[in-house]
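# Attaching a predicted model along with its sequence, questions to come.
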Amino acid sequence: MSLKFIEKDHSYISEDDITWTSVTSLISKFKQPFDADEVAIKSSKNKKSKWYNMSPEDIKDVWKKEGKRATDLGTWYHNMRENDLLSCETIGDSIPVNKPIYEADGAKVAPNQKLKDGIYPEHFVYLKSAGICGQADYVEVKDGQINILDYKSNKEIKTESYKNWEGLHKMMNPPLSHLQDCNLTHYTLQMSIYMYMMLRHNPKLKPGTLTIQHILFEKVGDDEYGYPITLYDDMGNPVIKEIINYDVPYLKDEVVALIKTYAN
């Protein structure tokens with residue numbers, strides 16, 4: 001099957017009559033909705049909020065600016081890591097680097113889903129029966145296991161979700177309502193879906209490690225809203241301060257329930 005990723009509009013297309021859903025879009029369907037307009041209005045009226053007396057539009061502009069900062073840092077790190085890996089034929093003496101496939105027009109083509117030992121940077125994976133696809137940052141197949149590494153560059157990895165005045169945490173939507181609605185959960189689900197899809201294509205392989213690699217950057221200071229101002233070196237590259245790894249579980253049961261609910 002020929003499945004392609006088109007970078008310019010971030011879309012997935014194939015010759016089959018399938019409406020493809022990315023893994024991140026799938027997960028977003030099970031998050032609690034976030035109404036930026038409503039939250040901005042409430043924040044502007046809350047005397048205890050740092051946004052008090054700001055216009056809702058200005059508040060949203062600040063949020064958008066911070067989102068772009070994090071996205072740009074993430075893109076830089078992804079590109080740096082991918083370019084480093086693609087410059088090698090092997091890691092060490094014997095671990096092959098399996099490079100992504102691109103057409104002349106820049107479209108990225110999903111490779112054969114059968115995996116052999118090696119490293120797979122930006123691995124393009126899909127499950128046709130569910131119409132789901134995505135790209136895992138770094139996949140390693142070794143000793144009969146699949147290991148997945150995912151790069152994240154946002155300000156923080158939140159291990160707990162928002163807690164209201166009653167002490168109740170915001171939870172994911174059913175069938176994931178036992179999971180807190182925080183980015184650690186979202187990222188764990190993301191890698192778990194990648195793992196599930198790869199194992200469906202490679203039943204002889206076993207699930208290995210799932211690791212979130214959180215990249216923290218040096219900063220000059222903080223802006224007036226408490227967001228970091230990134231430090232750049234003389235070459236114009238952001239300066240990495242620290243990389244923290246989070247090992248997370250493979251949520252197979254949750255993935256099966258999520259896909260079943262989505263299909264219905």
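Happy to help now that I have it.

# need the helices for the stretch 101-250 of the chain, in chain order.
Listed in chain order, the helices of the stretch 101-250 of the chain (DSSP state H, counting those that start in this stretch) span 183-201.

# mind showing which ranges of it have poor pLDDT?
Counting by pLDDT under 70, the stretch 101-250 of the chain contains no low-confidence range.

# one more time with 80
163-167 (pLDDT under 80).

# can you give me the strands in it?
Ranges of strands in the stretch 101-250 of the chain, per DSSP state E, counting those that start in this stretch, are 101-102, 108-109, 118-127, 132-142, 145-152, 206-217, 219-222, 228-230, 240-248.

# how far off strand 118-127 does the fifth one point, in degrees?
In other words, strand 145-152. Taking axes from the mean of the first three to the mean of the last three Cα atoms, to 10 degrees, one finds strand 145-152 and strand 118-127 inclined to each other by 80 degrees.

# Against residue 132, how distant is the residue nearest the centre of the chain?
Centroid-nearest residue in the chain, with Cα atoms, centre = their mean: residue 187, separated by 5.9 Å. Look at residue 187 and residue 132: by Cβ to Cβ, to the nearest Å, they are 17 Å apart. C-beta here means a position set from N, CA and C on the backbone, and glycine is covered the same way.

# can you check residue 165 too?
From residue 165 to residue 132 the distance is 37 Å (Cβ to Cβ).

# Specify which residue of these two has the higher count of neighbours.
More crowded of residue 165 and residue 132, by other Cβ atoms under 10 Å: residue 132, with 25 against 5.

# ok so, going back, verify the stated contact: the residue nearest to the centre of the chain with residue 248.
Yes. With contact defined as Cβ atoms under 8 Å, residue 187 and residue 248 form a contacting pair (7.3 Å).

# hang on, the earlier thing: who's in contact with the residue nearest to the centre of the chain?
150, 152, 157, 212, 248 (Cβ atoms under 8 Å, 6 or more residues apart in numbering).

# pretty sure the last one is in contact with residue 207, am I right?
No. Under the contact definition of Cβ under 8 Å, residue 248 does not touch residue 207, with a separation of 11.7 Å.

# I only care about the contacts of residue 187 that end up buried; give me the ChimeraX line for that.
Selecting the buried subset of the contacts of residue 187 in ChimeraX, with 16 or more other Cβ atoms under 10 Å as the burial test, is done by:
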select :150,152,212,248
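
# Which of the contacts of residue 187 sits closest to residue 233?
Closest approach between the contacts of residue 187 and residue 233, by Cβ to Cβ: residue 152, at 21.6 Å.
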